Structures are given as C-alpha cells and as structure tokens.
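Visitor: Everything below, folded, please.
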Amino acid sequence: QVQLVESGGGLVQPGGSLRLSCAASGSIFSVITMGWYRQAPGKERELLAVGRSGGTTNYADSVKGRFTVSRDNAKNTVFLQMNSLKPEDTAVYYCNAQIREVGANWPKLYWGQGTQVTVSS
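Guide: Residues are numbered from 1 along each chain as shown. Sure thing, here's the model as predicted:
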C-alpha cells in the first residue's frame, strides 16, 4: 500500500510565499512522476507542475515563474515552492505520483488528501 501525505498549506497574505510538501511512503519500487494540482470551489482540478525522475519539469502558464516544483528522490518527496501568491491561487492543493510498487509490473497513479491554501489579506 502506498500513501501520499501532504503538508504546508495555510493562510498567507497576497504577495507572500508558502512551501508545500508531499511524501510518498509504502512498498515503493520506483517513483516516475510527482506533481501538483489544485481545485478551487466550483472549478475543475487544474494541473500546476510536474517533476519527472530524470529531473525535467513542466508548469501551467498560470503559475510559471511564480511556483517551483522540486523533488528529493531519496525521500520520495515532492515540494511546491509558491511565491508572489495571489487571491486567485486560493484552492485545495493535491499532489499525485506515478508509482510502481514492489512486485508490480506497472505503475499506478496515487493522490494525496489535499491541503488548503488561502491567499487573503
């Protein structure tokens, strides 16, 4: 069984910064991709950033230049550094990961439980 546990959400003022963390644990053989999504009330879940095992990253236009995704592969952890936060960044933030479990032939997609980020003065 694999679990993703997120941390680091909270309330921040406009222009401020937050750093989210997501740690994968369990019977892990390999982690292929780790990424971040968010979902605001009444909106669809939006892909923000992806970090691949080879080190490449991709970002949504809405966060490019403000958010940075990084990984600690030794700890199966992904981070999202969020700077210059705006009220429209308010949402529940989710991490996900493509993980191949020990003994499995193919990777599966796992999701964290979500963490609330509120940007407000």
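
Visitor: What does the pLDDT read for the residue nearest the centre of the chain?
Guide: Nearest to the geometric centre of the chain sits residue 36, at 2.9 Å (CA atoms, centre = their mean). Here, the pLDDT recorded for residue 36 equals 98.

Visitor: in the sheet, who's paired with it?
Guide: On the basis of DSSP bridges, residue 36 is bridged to residue 49, residue 95.

Visitor: quick one: strands adjacent to the lowest-mean-pLDDT helix or strand in the chain?
Guide: Using mean pLDDT, DSSP states H and E, strand 57-59 stands out as the lowest-scoring helix or strand of the chain, at a mean of 92. When pairing is defined by DSSP bridges, strand 57-59 lines up against strand 46-52 (antiparallel).

Visitor: quick revisit: right, and the residue nearest to the centre of the chain touches residue 94 too?
Guide: Yes. In this structure residue 36 lies within contact range of residue 94 using CB atoms under 8 Å: 7.1 Å. Yep, even glycine has a C-beta here, placed from its N, CA and C like the rest.

Visitor: related to what we said a few turns ago, now do the same for whichever helix or strand comes after the least confident helix or strand of the chain: mean pLDDT, whole number.
Guide: Next helix or strand after strand 57-59 toward the C-terminus (DSSP states H and E): strand 67-72. Strand 67-72 comes out with an average pLDDT of 95.
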